[in-house]
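J.: Pasting the sequence and the predicted model now:
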Number of protein chains: 2
Amino acid sequence: MQSVPELAALQKQLARIHECIALLNWDQLTYMPQGGAVHRADQVSTLAEIAHQLQAGDKMAQLLEQCEQETSGMEETSDTRRMLRLARRNYDRTAKLPAKLVADFTRHQSVSYQTWVRARETNNFQLFAPLLQKTIEYTHQMIQHLGSFEHPYDALLDLSEPGITHARLTELFSALKPALVNLVKKISLSSAANQSFPFLQGDFAVETQHKLTLEAVKEFGYDTSCGRQDLTVHPFCTTISRGDVRITTRFYNEWLTRGFYASLHEAGHALYEQGLPEKPIGSPLCNAASGGVHESQSRMWENLIGRSKPYAEHVLPLLRAYFPQSFQNISSSQLYQAVNLVTPSFIRVEADEVTYNLHIMLRVELECALLDGSLPAASLPEAWNNAMQSYLGIVPPSDTEGCLQDVHWSHGFGGFPSYTLGNIISCQLWQKMSEEMPTLNEDIEQGKFDHILHWLRTRVHCQGSRYFPEELMTHITGSTLNVQPLINYLQTKYTEIYQL
Amino acid sequence: MQSVPELAALQKQLARIHECIALLNWDQLTYMPQGGAVHRADQVSTLAEIAHQLQAGDKMAQLLEQCEQETSGMEETSDTRRMLRLARRNYDRTAKLPAKLVADFTRHQSVSYQTWVRARETNNFQLFAPLLQKTIEYTHQMIQHLGSFEHPYDALLDLSEPGITHARLTELFSALKPALVNLVKKISLSSAANQSFPFLQGDFAVETQHKLTLEAVKEFGYDTSCGRQDLTVHPFCTTISRGDVRITTRFYNEWLTRGFYASLHEAGHALYEQGLPEKPIGSPLCNAASGGVHESQSRMWENLIGRSKPYAEHVLPLLRAYFPQSFQNISSSQLYQAVNLVTPSFIRVEADEVTYNLHIMLRVELECALLDGSLPAASLPEAWNNAMQSYLGIVPPSDTEGCLQDVHWSHGFGGFPSYTLGNIISCQLWQKMSEEMPTLNEDIEQGKFDHILHWLRTRVHCQGSRYFPEELMTHITGSTLNVQPLINYLQTKYTEIYQL
């Protein structure tokens, strides 16, 4: 058993380097002056190369083998064996990638991001296209190194959603898609469609929005002595260390809810990170279970709580306190309806709960097409606009509001499925939580979120990544991944709102 | 000559890691939430350990030897040989220190800094004393590893001021001290002593101070597309990369000049960093010549320019634009006198030019006493107060305004001599510049700083660290380090102001 502490020390060192990279990235997106960009790419790449050498080096290989041998008699569900399962995966997937390829790709990602920002600002997709094409080439190279897969997309899915394959994803998506299409159709034909709620548009001072959202996320339980909120082009949550989990958001002076819900969403991610196991520092067991499980937490706080009827009751006095002119004559029922408007729109992160997953499916299909070569990078805007027309019946007026809207493709592919998996998981968890917490709605209405957070902490967060996503769902809810709770939730909620 | 590019690649990697550490430190002092502190110490320590392994490793040792052999026929003043001189120094001083000692000390420095902040805020020196005692112990351990020196302080001086010994420092300080004491005495007896200029105290909105100082430092030539200014407890300048040189300052609502001159001072450092050679990235030749040369640049912009008569002419309209109520009825001559008030005071960074170097000598004496064991850490406040009484005739009302005022001792010893060396060097350079630029005063009066910056860029900045401080002075001015220009400057300026 001597090797296990030695492996732990190496894992801690590795984790610290990744934390430093997280800070380099956070700084690049928040406060770094423009002149730092090229050097920043090189700094990140330098640390990534060192991390790669440690992750895929001989010492790691030897320690892993020794640990596996020394613990071969232990239960597979023991912490040590669970940790080794993850450590083995991390080693294998990294050792298979040449250090130079990783360093080159990391450098490319940073330049690609800078270019994406400029392309997005100037609505100039062709500026970004060559970088995207290069990302495709890098991705192919990496998949080839990672091994042979039933479907190439399996290689990417395995990185973010262990245990989920392209086939399983297709199975889940196929069950979800008709229900969503049907619901969107029903809503669009309802007499309540095309409502508008002008009180959500107005003159909302950004400073005040910052204070309001900070109060809202602190109520949820986000600990700002171990975190902070800043402004970026695209909101995100990043963990600099277990004691330093930061969120970012963006505010629009004329539109309150965009920034408000972005903050709630990122706070959901942050609450998960702040609740993950602390020790042993750097153990892969202390990480999130998957991108999808992460997203289940953000979507739960943003939607299942933040867009619920009892939360509308609770938050209205807060909104009135910060923006009296806009909210003094608004009822909680009007607020509830306004933040649950279903309407086909261009921007994924502001899409309603019903159309949201169609945005995701569109992206997953397009990135599969980019990867299998059927779609050249330069033709992405056209393909995007066609898909938007066919899914949602609308075409974005610019690429900035179209295929340039998301940061993801400046970094790589395979990240989008987690969003819809997150929605699926969040509703499975919510169903279970509702069964176990009969006062759930009353708690939300009274602004008491500690029971909810405690439930999530003790069921989900504390598990770290002991379980793969399907295992985690089975462990907590007794069922594998299942789209039915999501479908039930959306049908029940929107049937009532739109009187279908 | 194959080894030189290989050494350059290793130096670049090393430099990038140090840049990452610079960002970790900057973030810790600006935006990091409290909960990140312990982890941050460990993050810095992790990178410092990796840097140490690279700096002192076998690969570096071999490359250095190979490079030295391969270039043995080259002129000692060639870039390559100059680079090797520095690289050898860096290797020797690092290889002699055990990696564990460096890592432990780095971790200690971070905890020590956090404690110093709390001790300073709560005026509780005894909170900090055990950390300071531990710093003394670490310093002794390091000096022992570094070798044997005529005077133990030589080991510390050699780290910041290559070529300067305790004996040489004593020689310079002994020539300077009586002249300063004499001048302070004369001023205190003059009829103009005890003047006050209440217009510098008032209600100066911090936001406005931020804008004013940014405009002032941008006029100097500080490029904010490659830098930024933030707020910290103690102002500093840090280089995240050659394209990202950041300054920090602190503003006081009721006192304009503290923040204003802190910004000019840090901008002086930043102008030097922005003017250092860019390539080869990571070459030790691209670094500053020494702490003293660095300080000569900050003090030149802060004092020789910022507190000059022509700058008072130039800056008055700017001050009037930002703070009309305070400056509309003030003349440039009043402003000039006000910012050149000589009066014994507690805080080094706000001390006037005449008393400033007495603050430094006091600190150098105390840290020598801490190091030779004649002064226990717990007795520092008493020794500090006694020395203040004897040098300046005043005793600080609290340790916050006394021995807890400077950040330096939370990190280590040996940094203070550079401040006075900086003042000496700045006046040697200024004398030379004045001879070569007859329109110097007119330029400043008209807010034209590009000639000055160009002179510094082409004489000082572009040299990087090709020369040790004494060599640099000889190269530029034809004379070794010499206190006479500083004495002449102070005597001439203050004889006129105080009509001595």
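T.: Structure received. Residues are numbered from 1 along each chain as shown, chains lettered A, B, ... in the order given.
J.: And A:H451, how close does it get to A:T439?
T.: To A:T439, A:H451 is 8 Å away according to CB to CB, to the nearest Å. No exception for glycine: its C-beta is placed from N, CA and C like everyone else's.
J.: A:T474: how many residues sit nearby?
T.: Neighbourhood size, A:T474 [other CB atoms under 10 Å in any protein chain shown]: 14.
J.: just A:Y261 next, same as before
T.: Neighbours around A:Y261, by other CB under 10 Å: 22.
J.: so who does it touch?
T.: Contacts were defined as CB atoms under 8 Å, 6 or more residues apart in numbering or on different chains; by that measure A:Y261 touches A:E302, A:G306, A:R307, A:V339, A:E350.
J.: Farthest-apart pair in those residues, please.
T.: Greatest spacing in the contacts of A:Y261, by CB to CB: A:G306 and A:E350 (13.4 Å).
J.: Neighbour count: those two, which is higher?
T.: For A:G306 and A:E350, the more surrounded residue by other CB under 10 Å is A:G306, and the numbers stand at 24 against 15.
J.: Would you check that the more buried one makes contact with A:E266?
T.: No - checked against CB atoms under 8 Å, the pair A:G306 and A:E266 is beyond contact range at 11.7 Å.
J.: element containing the most centrally placed residue in chain A?
T.: With distances taken as CA atoms, centre = their mean, A:E295 lies nearest the centre of chain A, 4.4 Å away. Using DSSP states H and E, A:E295 sits within helix A:291-299.
J.: do A:L341 as well
T.: Per DSSP H and E, there is no helix or strand for A:L341.
J.: List the contacts of it.
T.: A:L341 neighbours (CB under 8 Å, 6+ apart): A:Q195, A:S196, A:F197, A:D352.
J.: quick one on the thing from earlier: show me the contact partners of the helix holding A:E295.
T.: A:160-161, A:164, A:237, A:265-269, A:271-272, A:288, A:415, A:417-419, A:421-426, A:429, A:456, A:460, A:469, A:472.
J.: And the next helix or strand past the strand or helix carrying A:L84?
T.: Following DSSP H and E, one finds A:L84 within helix A:79-95. Per DSSP H and E, the first helix or strand lying C-terminal to helix A:79-95 is helix A:99-121.
J.: hang on, the earlier thing: which ones among the contacts of helix A:291-299 are found in helices?
T.: In this view, the contacts of helix A:291-299 that belong to helices under DSSP state H are A:160, A:265-269, A:271-272, A:417-419, A:421-426, A:429, A:456, A:469, A:472.
J.: restrict the residues you listed to those near chain B?
T.: Contacts with chain B are made by none of the ones in helices among the contacts of helix A:291-299, judged by CB under 8 Å from any CB of the partner chain.
J.: ok, now which ones touch the closest residue to A:L54 other than its chain neighbours?
T.: Closest residue to A:L54 apart from its sequence neighbours, by CB to CB, 6 or more residues apart in numbering or on different chains: A:L14 at 5.1 Å. Neighbouring residues of A:L14 by CB under 8 Å, 6+ apart: A:A51, A:L54, A:Q55, A:G282.
J.: Adding neighbour count and pLDDT, write the residues you listed out as JSON lines.
T.: Shown next, in JSON lines, are the contacts of A:L14 (neighbours: other CB atoms under 10 Å in any protein chain shown; pLDDT from 0 to 100):
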{"residue": "A:A51", "neighbour count": "22", "pLDDT": "94"}
{"residue": "A:L54", "neighbour count": "17", "pLDDT": "95"}
{"residue": "A:Q55", "neighbour count": "23", "pLDDT": "94"}
{"residue": "A:G282", "neighbour count": "22", "pLDDT": "95"}
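J.: From these, pick the one nearest A:F346.
T.: Distances from A:F346 to these, taken by CB to CB, are shortest for A:A51, at 37.3 Å.
J.: For that closest one, give its distance to A:T135.
T.: Counting by CB to CB, the gap from A:A51 to A:T135 is 20 Å.
J.: cool, and A:L157?
T.: 17 Å.
J.: For stretch A:392-405, buried residues please.
T.: Neighbour-count burial for stretch A:392-405 flags A:L392, A:P396, A:D399, A:T400, A:E401, A:G402, A:C403, A:L404, A:Q405 (criterion: 16 or more other CB atoms under 10 Å in any protein chain shown).
J.: Out of those residues, which is nearest to A:P485?
T.: A:L392 (24.1 Å).
J.: Could you verify my assumption that the closest one touches A:N357?
T.: No - assessed by CB under 8 Å, A:L392 is found out of contact with A:N357, at 11.6 Å.
J.: which bits of the stretch 401-500 of chain A sit near chain B?
T.: Going by CB under 8 Å from any CB, none of the residues of the stretch 401-500 of chain A are near chain B.
J.: Helices along the stretch 401-500 of chain A, start to end?
T.: A:417-436, A:440-445, A:450-459, A:469-477, A:484-497 (DSSP state H, counting those that start in this stretch).
J.: A:L7 is nearest to which of those helices?
T.: Nearest to A:L7, of the helices of the stretch 401-500 of chain A and by CB to CB, is helix A:469-477 at 22.9 Å.
J.: Can you mark which positions in that closest one are buried?
T.: A:P469, A:E470, A:L472, A:M473, A:I476, A:T477.
J.: how near is the residue nearest to the centre of chain A to B:F413?
T.: Applying CB to CB, the value for A:E295 to B:F413 is 51 Å.
J.: Check A:G275 too.
T.: Taken as CB to CB, the span from A:G275 to B:F413 is 43 Å.
J.: likewise A:T400?
T.: For A:T400 relative to B:F413 (CB to CB), the value is 55 Å.
J.: Next: A:R299.
T.: 54 Å.
J.: before we move on, back to that, could you dump the buried residues of stretch A:392-405 to TSV with pLDDT and distance to A:K211?
T.: Listed next are the buried residues of stretch A:392-405 as TSV, based on pLDDT from 0 to 100; distance: CB to CB, whole Å:
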residue	pLDDT	distance to A:K211
A:L392	86	35
A:P396	97	33
A:D399	97	34
A:T400	97	29
A:E401	97	29
A:G402	97	33
A:C403	97	35
A:L404	97	31
A:Q405	95	27
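J.: Would you mark the buried spots in whichever strand or helix holds A:T208?
T.: Per DSSP H and E: A:T208 is located in helix A:206-220. For helix A:206-220, the neighbour count (16+ other CB under 10 Å) marks A:Q209, A:H210, A:L212, A:T213, A:L214, A:A216, A:V217, A:E219, A:F220 as buried.
J.: Assign A:F204 to helix, strand or coil.
T.: coil (DSSP: H, G, I helix; E, B strand; the rest coil).
J.: re the thing from before, quick one, which of the helices of the stretch 401-500 of chain A gets closest to B:L172.
T.: Nearest to B:L172, of all the helices of the stretch 401-500 of chain A, is helix A:450-459, at 62.5 Å by CB to CB.
J.: Off-centre distance for that closest one?
T.: How far helix A:450-459 lies from its chain's middle: 20 Å, per CA atoms, centre = their mean, to the nearest Å.
J.: pLDDT (mean, whole number) over it?
T.: In this model, helix A:450-459 has an average pLDDT of 98.
J.: Alongside chain B, which residues does chain A contribute?
T.: Selection of chain A residues close to chain B by CB under 8 Å from any CB yields A:13, A:16-17, A:19-20, A:23-24, A:27, A:31-40, A:42-43, A:46-47, A:50, A:223-228, A:230, A:240-244, A:246, A:281.
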